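Enquirer: One predicted model, sequence on top.
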Amino acid sequence: MSKKMTSRDKQAIATKKKILMTGIRLINDKGFEHVSVEEIAKSADVSVGTFYYYYPSKRDLITSMPWKIDAYFEKEVADKLVAPTCAENIKLFFQYYAKHTQDNGWAVIKTLFTTESAFDISDDRFLQMVLLELLQNGQDSGEVTAEIPHRQLMRYLMIVARGVALDWAMSHGKTDIFGEMEQLIARVFSTFLVEKKH
């Protein structure tokens with residue numbers, strides 16, 4: 001049985017999130033190198049000590065981003081992936097991925113891609129668990145090839161998605177992240193589909 005959250009626990013979560021969101025906004029406005037911990041703390045209306053309690057460094061603020069996208073997919077996305085085909089659900093999954101990327105801003109994403117955590121595609125992350133389930137369902141229904149393990153399929157698709165996101169960040173948000181994500185994911189995913197016999 002899980003322990004019930006106290007009001008103090010809820011306050012801690014809210015404070016941590018407030019610091020993160022404030023940091024993201026400031027980094028997008030000014031760039032990672034031009035924002036100080038003191039500025040983030042002041043804008044978030046917390047002490048510098050409170051910032052360091054939750055994030056040992058400014059860089060740690062960025063490395064918590066994978067946790068943020070996992071929370072987003074758990075709360076906002078997972079229940080919406082109910083299209084009748086795997087291909088439709090995959091398209092929707094990566095449009096939400098593109099939206100979350102865009103919402104965070106190119107400066108934050110560019111900084112994130114200089115950290116190891118940006119490339120964490122372990123199976124225990126919620127984001128990957130959702131994608132794995134979609135691919136497994138596609139294989140079970142015969143829509144997706146079973147010749148390649150679904151974990152490998154997930155890895156291929158995440159490589160493409162990260163490439164689109166990084167290219168968008170490197171262009172300072174000037175490329176069409178939604179259009180390119182849709183086109184490239186569809187092109188790669190089509191090679192995994194089982195041809196229907198007439």
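Expert: On my side now, so go ahead.

Enquirer: Can you verify my assumption that F178 contacts H100?
Expert: No: in this structure, F178 is not within contact of H100 by C-beta atoms under 8 Å, at 11.8 Å. Every C-beta, even on glycine, is put in place using the N, C-alpha and C of the backbone.

Enquirer: tell me, how many neighbours does L134 end up with?
Expert: By other C-beta atoms under 10 Å, the residues close to L134 number 24.

Enquirer: quick one: buried residues of the biggest helix by length in the chain?
Expert: Ranked by residue count under DSSP state H, the longest helix found in the chain is helix 7-30. For helix 7-30, the buried set under the neighbour-count rule, 16 or more other C-beta atoms under 10 Å, comprises 15-16, 19-20, 22-28.

Enquirer: can you check stretch 62-71 too?
Expert: Applying 16+ other C-beta under 10 Å to stretch 62-71 flags 62-66, 69-70 as buried.

Enquirer: how about those residues in a markdown table, adding distance to V37 and secondary structure?
Expert: Shown next, in a markdown table, are those (distance: C-beta to C-beta, whole Å; DSSP: H, G, I helix; E, B strand; the rest coil):
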| residue | distance to V37 | secondary structure |
| --- | --- | --- |
| I62 | 12 | helix |
| T63 | 15 | helix |
| S64 | 14 | coil |
| M65 | 17 | helix |
| P66 | 21 | helix |
| I69 | 23 | helix |
| D70 | 25 | helix |
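
Enquirer: In three-state terms, how would D124 be classified?
Expert: At D124 the chain is in coil, as set by DSSP: H, G, I helix; E, B strand; the rest coil.

Enquirer: Domain map for the chain?
Expert: As assigned by automatic domain parsing, the chain contains the domains 7-61, 64-190.

Enquirer: Neighbours of K174, how many?
Expert: Residues near K174, counting by other C-beta under 10 Å, number 9.

Enquirer: Help me confirm that it is found in a strand?
Expert: No: with three-state DSSP as the criterion, K174 is located in coil rather than a strand.

Enquirer: host element of L61?
Expert: Using DSSP states H and E, L61 falls within helix 58-63.

Enquirer: Does anything pack onto that helix? Which helices or strands?
Expert: Where contact means 3 or more C-beta pairs under 8 Å, 6 or more residues apart in numbering; DSSP states H and E, helix 58-63 is packed against helix 7-30, helix 37-43, helix 106-112.
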